[in-house]
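**Student:** mind looking at a prediction? Sequence and model below.
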Amino acid sequence: MENDTFLSVESLSFGYNPGRLILKNINMHFRRGSVVALMGGSGCGKTTVLRAIGAQVRPQSGRVMLDGTDVHKLDRAGLAAARRKIGMLFQHGALFTDLSVYDNVAFPLREHTNLPSAMIRDLVLMKLHAVGLRGASRLMPAEVSGGMARRVALARSIALDPPLLMYDEPFAGLDPISLGTIAHLVKNLNAALGATTMLVTHDVAETFRIVDYAYVMSAGEVIAEGTPDQLMASTDPQVKQFLNGRRDGPVPFHYPAAPIAEELGL
Amino acid sequence: MNQIAALGTWALGCFASLGFSFRFLVRLTWLSILSLGRPRLIVEQLYFIGNRSLSIITISGLFVGFVLGLQGYYTLERYGSAEALGLLVALSLSRELGPVVSALLFAGRAGTSLTAGIGLMKAGEQLAAMEMMGVDPMARVLAPRFVAALIAMPLLAAMFSAVGVMGSWIVGVQIIGVDAGSFWSQMQAGVDIRNDIGNGVIKSMIFGVICAFIALFVGHEATATPEGVSRATTDTVVASSLVVLGFDFMLTGLMFGGF
């Protein structure tokens, strides 16, 4: 089981201010080749987990083991090498706005390889073909829609065929067609690359269709984990509220405040 | 007691910021040296930073030259030495106005563009994306811009001074009627290559370092929101202008005597 784990997050705690932890004792394990979701409401710390895995933030305690290496103990060069094993899709694509679609996808190849330009061209066109945007290679990021930008970013994140793919809210703000397309690509690329995929999202329906396993977070803690079927059968009121999208429950509708009668002077 | 503690906290914060910015400058300088191995990136930035500042620098230089020609003639003519107009203009421009005004214009034109560009890349997670690809944003994005600004600044200052001299020639010689021979010969005889032009070039190189560093540092450390980028852009102009003027006073004192 241990050798089968590509990525593990062990007893991870993190906070920007020492007294206020955003992540509290997080434990997660990602099997090679699996598609795993990290779910939870806005602000529960999902993206911070991604940032901790990518060593963009340093945890107060705990560790992140990526393919047998603790990423927070690496020096600058080691970290750069470890990050080449990760393909990350940012929430809004994070395309380089001064580069064309083609140059965006070619960027990691040009930075990390000495391949001749003809070979880079073939690789870029293959990646763009995989996301259905070979015909858009000459466009600038400002000329493509949000869904297309997300697909270009996806092509860029798989440019070096990384063994770990991390997606930050890949479905947020997309129309149903784009959303379906991205979900299809996430699943297919995982299979095609033999990669381990981590999906940070709060879109329950679309996510449960494509993942093997999921973690549910709330207020910086993992409150539940399991396969989609196990989670749907959960009796935990907080998990049920999140998965069924109920307005009120353990997570209250109202932000803490004085009683309204008192506030209005009634 | 609380006030003493607050003062101590403030002082510690200032030292920490100074230390942080100094480390930033050292690392940026080292990465800039390494970036010389990728001249294509520098040339690209040289076009954006240098070439695109050319119009504002030359037009401003021309008008400053016009005004210097008029004001210089007005003063010199009182003492019957209007022929020294060329010398006055050349010395004013090469020693002082060329480096300083072009640095202020550079901070306004290229500095703001650098800060906004880097700040927007940060706000759009482009720098984070680059980092996650195993590419150091400081080496790939900031260093080539720093080198390009360092190359562009003295060239722009030289262009400013040259166009300024032409402007004063148009006003002084062509319009007012100062003798052309005296205008050029006094300039040739009175301007020293090392002391006047050389020190002016050194000044503009130092101003280039100041403007580029402030623009890149402020952009890199900007709060990653539209308001943060907007504030950072303003901060760049204010800080660059003040530091350039302060350094100009010190450099003038050191180079041309006084201290």
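**Tutor:** Arrived safely, thanks for sending.
**Student:** contacts, neighbours, all on C-alpha from now
**Tutor:** OK.
**Student:** tally of neighbours for residue A:129?
**Tutor:** Look at residue A:129: counted by other C-alpha atoms under 10 Å in any protein chain shown, it has 15 neighbours.
**Student:** one more: residue B:188?
**Tutor:** 14.
**Student:** quick check, residue A:193 in contact with residue A:159.
**Tutor:** No. The criterion here is C-alpha atoms under 8 Å, and residue A:193 misses it with residue A:159 at 10.9 Å.
**Student:** those two - which one has more neighbours?
**Tutor:** Per other C-alpha under 10 Å, whichever of residue A:193 and residue A:159 has more neighbours is residue A:159, with 22 against 15.
**Student:** assumed that one was part of a strand.
**Tutor:** No. Secondary structure of residue A:159 (DSSP: H, G, I helix; E, B strand; the rest coil): coil, not part of a strand.
**Student:** any idea how far it is from residue A:175?
**Tutor:** 25 Å (C-alpha to C-alpha, to the nearest Å).
**Student:** and the residue of the stretch 51-200 of chain B nearest chain A?
**Tutor:** Using C-alpha to the nearest C-alpha, the closest approach of the stretch 51-200 of chain B to chain A is made by residue B:134 at 4.0 Å.
**Student:** just give the closest residue to that residue, not the sequence neighbours.
**Tutor:** Excluding the flanking residues, the one nearest residue B:134 by C-alpha to C-alpha, 6 or more residues apart in numbering or on different chains is residue A:80, at 4.0 Å.
**Student:** and what of residue A:221?
**Tutor:** residue A:24 (5.5 Å).
**Student:** that neighbour reaches residue A:12, doesn't it?
**Tutor:** Yes. Using C-alpha under 8 Å, residue A:24 is in contact with residue A:12, at 6.6 Å.
**Student:** where does the stretch 51-200 of chain B come near chain A, residue by residue?
**Tutor:** B:121, B:124-126, B:129, B:131-135 (C-alpha under 8 Å from any C-alpha of the partner chain).
**Student:** just those now: which is nearest residue B:185?
**Tutor:** Among those, residue B:121 lies closest to residue B:185 (C-alpha to C-alpha), at 51.8 Å.
**Student:** what helix or strand is the closest one on?
**Tutor:** Per DSSP states H and E, residue B:121 falls inside helix B:112-123.
**Student:** residue A:61 and chain B, how far apart?
**Tutor:** Distance, residue A:61 to chain B, using C-alpha to the nearest C-alpha, to the nearest Å: 22 Å.
**Student:** run a quick neighbour tally on that residue.
**Tutor:** Neighbour tally, residue A:61, other C-alpha under 10 Å: 12.
**Student:** right, and it touches residue A:13 too?
**Tutor:** Yes. Using C-alpha under 8 Å, residue A:61 makes contact with residue A:13 at a distance of 5.3 Å.
**Student:** near chain B, which residues of the stretch 101-250 of chain A show up?
**Tutor:** Counting by C-alpha under 8 Å from any C-alpha, the stretch 101-250 of chain A sits next to chain B at A:108, A:111.
**Student:** which stretches of the stretch 101-250 of chain A form helices?
**Tutor:** A:101-112, A:117-130, A:146-157, A:176-193, A:204-210, A:228-232, A:237-244 (DSSP state H, counting those that start in this stretch).
**Student:** cool, the stretch 1-150 of chain B as well?
**Tutor:** B:2-35, B:39-49, B:54-78, B:85-91, B:98-106, B:112-123, B:126-132, B:137, B:143-169.
**Student:** could you export those helices as CSV, including mean pLDDT and mean neighbour count?
**Tutor:** Below are the helices of the stretch 1-150 of chain B laid out as CSV (pLDDT from 0 to 100; neighbours: other C-alpha atoms under 10 Å in any protein chain shown):
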stretch, mean pLDDT, mean neighbour count
helix B:2-35, 91, 13
helix B:39-49, 91, 17
helix B:54-78, 93, 19
helix B:85-91, 92, 26
helix B:98-106, 94, 26
helix B:112-123, 93, 25
helix B:126-132, 90, 22
helix B:137, 92, 17
helix B:143-169, 94, 25
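**Student:** which of those helices sits closest to residue A:68?
**Tutor:** Nearest of the helices of the stretch 1-150 of chain B (C-alpha to C-alpha): helix B:126-132, 18.7 Å.
**Student:** so what touches that closest one?
**Tutor:** By C-alpha atoms under 8 Å, 6 or more residues apart in numbering or on different chains, the list of residues contacting helix B:126-132 from outside reads A:54, A:80, A:83-84, A:86-88, A:90, A:94-96, B:121-122, B:136-137.
**Student:** using CSV, write out every CA atom in that helix.
**Tutor:** C-alpha atoms of helix B:126-132 as CSV (Å, rounded to 0.1, in the frame of the first residue of the first chain):
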residue,chain,number,x,y,z
GLN,B,126,1.0,33.9,-13.7
LEU,B,127,4.0,34.1,-11.4
ALA,B,128,2.7,31.3,-9.2
ALA,B,129,2.0,29.2,-12.3
MET,B,130,5.6,29.8,-13.4
GLU,B,131,6.9,28.8,-10.0
MET,B,132,4.8,25.7,-10.1
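**Student:** sounds good, over and out.
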